[in-house]
Every structure is written in structure tokens, then in C-alpha cells.
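[1] What follows is a protein structure lacking sequence information:
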Ligand SMILES: [Ca+2]
Ligand SMILES: [Ca+2]
Ligand SMILES: [Ca+2]
Ligand SMILES: [Ca+2]
């Protein structure tokens, strides 16, 4: 496909000799390819050889999820323990009614400090390389649904509107996308379930435990039943195959139910206690997510490392303050 771009000398194709086309206007290392089967793809040769990125709350960019929480001092205070050297970063950012939307908006491989304020529909981003950025997108009552929908390595600003089920996404490279998917009462979130690098649009329906996924690589929606009412759907990839597993956490029994639709295999774990918040992430940096919970009453993190099955508990006072919330929020949709 990249040869095709050279052949066309950076001109847009105007004929199709098959079912795909290449649009070589994104720069020297990138082309946009269109394929009837797979949809639009950004082919980026610039990142070849780079280490895999950890997309869950990795603020120092070392590939390991960092222990991090936000607590209430009147305003929000973010406390992050860097996995690379064990030292702390603190930020005053947002107010307690804001939604935490940390992701990597500037695409430098480090998570950014970010909140969305429903009252004025404004995204307040404190980006690790590109600095402050404020964007008005969404209205009060919307649900933020950040993800990387166009696979350019940058988290995209996005909201889901419960009243209409419409997704409004600002794809950082491919531009604005709107899509109707889901109904009021659903839990909307983004995750890469087909493993093509693009996040897919997903809703989980509490009433029947149904997962409804629009895979980015296919126009055929997927519908699978997994979980039941009062479960908490989670976005995580526990076997490191690059595809998110269908996962629910059942608070009444502290049980994790993990289903891999490609193999048909499922696993269950009992891990956690009443009141714990599940926070799966790749804390040991091996490419697979670890089962983990945050216990608000003693501000302690508990996990099972996927790399060596080690059981780790770690007290993290954070910044003090009240109502501590763990930050790997991308893994625990509302
Ligand atoms: Ca880290
Ligand atoms: Ca960043
Ligand atoms: Ca993006
Ligand atoms: Ca995908």
C-alpha cells in the first residue's frame, strides 16, 4: 500500500482497481488507506520499532501503569507515583464534580492530566508535552468516552449522549465522527476488541448483560451476552493478545468474569473485598493487564502481577484529602 502512494506521487487516487485506495496526504511516514472490508486505516511507519505503549494511566511513559489517585481538597488534587523512580507528582486540576478523563491527548506516550466539566461542556487538558488545551465538546448530561478511535496514538475527545445514543468523536487525525449506538441506561465505552489498534464503540446493557460492539475493522456489529445486572464492565486485556477481553466485576461476590470471544474460554477470579474499586492495568509492564483493586477505606492497592503471579499490596496515601478516586478510569467505565 505504501508503494501505491509513491506510484501516485502524493496525488489523491481517482480510480479504484480493487476494493482499496490509499490517500498519501498525512505526511512522509503516514498514509490513510481506505478499504471496503476494513474501513479507514492510518498506516504509520513513524512508530516502527517503538516499544508498545501502555495506555492506562502511565504518566511517566515507562510502560507501567502508575499508582495514582485524585482526592478532594475543595479542588481536585492529583497524586501520581511514578513507576520509573518511585517519586511523586502532584497537580491541582479540576473540581470534584468533574469527570476524570486522563489519556494521552498529545501522543507523547505519557498520560495527561485531564478533566471534563459537564456544566460548561469543557475539556481541560494539562498535556505532558503540548501543555494546556481547553476544548468545548459535549453538553451537560453527556458521558465522556475517550479512546483512540483513529489509531494515531493520541486519545480522542468524545462524548456519548444518553438521550439519543449518539457518539460525538473528535478523531485527532481523521476528524469528526458521529455514530448512533446504544440507548439510555447503557454504559458506553471504548476498547479495542478486534485488535486492529483502533478503539471500538461499545455499550454494555445492564438489563440483559449484553455487549454491543461496533468493531472498527468490520461493519458487522457484535452482540454477546456476558454479565448481569449490577455487574461492572471493565476494559482490559489480560492475556496480552492486543484484544480487550469481555470482563465484568461482580461487587456482591468480588468476582472477576473474563471471557475471550476468540477462544471461547473464560476465567473467573475472586479478588477484592466489599467496597473495592476494580482498577485493572499493566502495573508490571509485561503487556498484559493485571487484576487489581483499590480499597478506599485504607487507601491501599492490591494486585496480582500477570508476569509472575506475585501478590502485591501497596499503601498509597496520595495527597491526603478526602474521597480518593483511583485514576485508571479508562478501565472502569461509568
Ligand atoms: Ca509508569
Ligand atoms: Ca501525553
Ligand atoms: Ca486518536
Ligand atoms: Ca478495533
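    Looks like it came in fine. This one's a predicted model, so the numbers in the text were calculated from it and none came from an experiment. Numbering: from 1, shown residues only. Ligands and ions are numbered 1, 2, ... in the order given.

[2] From now on I want contacts and neighbour counts done on CA atoms only, so please keep to that.
    Noted.

[3] shouldn't residue 249 be in contact with residue 235?
    No. Applying CA atoms under 8 Å, one finds residue 249 not in contact with residue 235, separated by 10.7 Å.

[4] residues from the stretch 51-200 of the chain in reach of ligand 3?
    Contact residues, the stretch 51-200 of the chain versus ligand 3 (CA under 5 Å from the ion): 148, 150, 152, 154-156, 172.

[5] 8 Å instead?
    Residues of the stretch 51-200 of the chain lying close to ligand 3 by CA under 8 Å from the ion are 105, 147-156, 171-174.

[6] Strands - which of these land there?
    residue 171 (DSSP state E).

[7] and which of the residues of the stretch 51-200 of the chain next to ligand 3 is nearest to residue 81?
    Here the nearest of those to residue 81, counting by CA to CA, is residue 105; it sits at 20.2 Å.

[8] How about the contacts made by the closest one?
    111-112, 125, 127, 154-156 (CA atoms under 8 Å, 6 or more residues apart in numbering).

[9] picking that back up, which ones among the residues of the stretch 51-200 of the chain next to ligand 3 also lie next to ligand 2?
    Okay, of these touching ligand 2 (CA under 8 Å from the ion), that's residue 105.

[10] how about the residues of the stretch 51-200 of the chain next to ligand 3, which pair is most distant?
    105 and 174 (14.5 Å).

[11] If you count neighbours, what's buried in stretch 77-86?
    Across stretch 77-86, burial judged by 16 or more other CA atoms under 10 Å covers 77-83.

[12] now those in CSV, with secondary structure?
    Shown next, in CSV, are these (DSSP: H, G, I helix; E, B strand; the rest coil):
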residue, secondary structure
77, strand
78, strand
79, strand
80, strand
81, strand
82, coil
83, coil
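
[13] With pLDDT and distance to ligand 1 added, can I get those in JSON lines?
    Listed next are those as JSON lines, based on pLDDT from 0 to 100; distance: CA to the ion, whole Å:
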{"residue": "77", "pLDDT": "95", "distance to ligand 1": "19"}
{"residue": "78", "pLDDT": "95", "distance to ligand 1": "15"}
{"residue": "79", "pLDDT": "95", "distance to ligand 1": "13"}
{"residue": "80", "pLDDT": "95", "distance to ligand 1": "9"}
{"residue": "81", "pLDDT": "95", "distance to ligand 1": "8"}
{"residue": "82", "pLDDT": "96", "distance to ligand 1": "6"}
{"residue": "83", "pLDDT": "95", "distance to ligand 1": "4"}
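
[14] of all those residues, which comes closest to ligand 4?
    residue 83 (28.2 Å; CA to the ion).

[15] For residue 252, give me its contacts.
    Contacts of residue 252 by CA under 8 Å, 6+ apart are residue 274.

[16] Following element in sequence after the host helix or strand of residue 202, please.
    Using DSSP states H and E, residue 202 maps to strand 200-205. The element immediately downstream of strand 200-205 (helix or strand, assigned by DSSP H and E) is strand 210-214.

[17] now the angle between strand 200-205 and that next one, please.
    160 degrees (axes from the mean of the first three to the mean of the last three CA atoms, to 10 degrees).

[18] Verify the stated contact: residue 74 with residue 93.
    No. Here residue 74 does not reach residue 93: they are 11.0 Å apart, not a contact under CA under 8 Å.

[19] neighbour count winner among these two?
    residue 93 (19 against 11; other CA atoms under 10 Å).

[20] Could I get the pLDDT score of that one?
    Residue 93 is assigned a predicted lDDT (pLDDT) of 97.

[21] Not counting sequence-adjacent ones, nearest residue to it?
    residue 76 (5.6 Å; CA to CA, 6 or more residues apart in numbering).

[22] neighbours of residue 140, just the number please.
    Residue 140: 12 neighbours (other CA under 10 Å).

[23] same question, the one 3 residues further on
    When neighbours are counted by other CA under 10 Å, residue 143 registers 22.

[24] which stretches of the stretch 201-334 of the chain aren't confidently modelled?
    329-334 (pLDDT under 70).

[25] All set, thanks.
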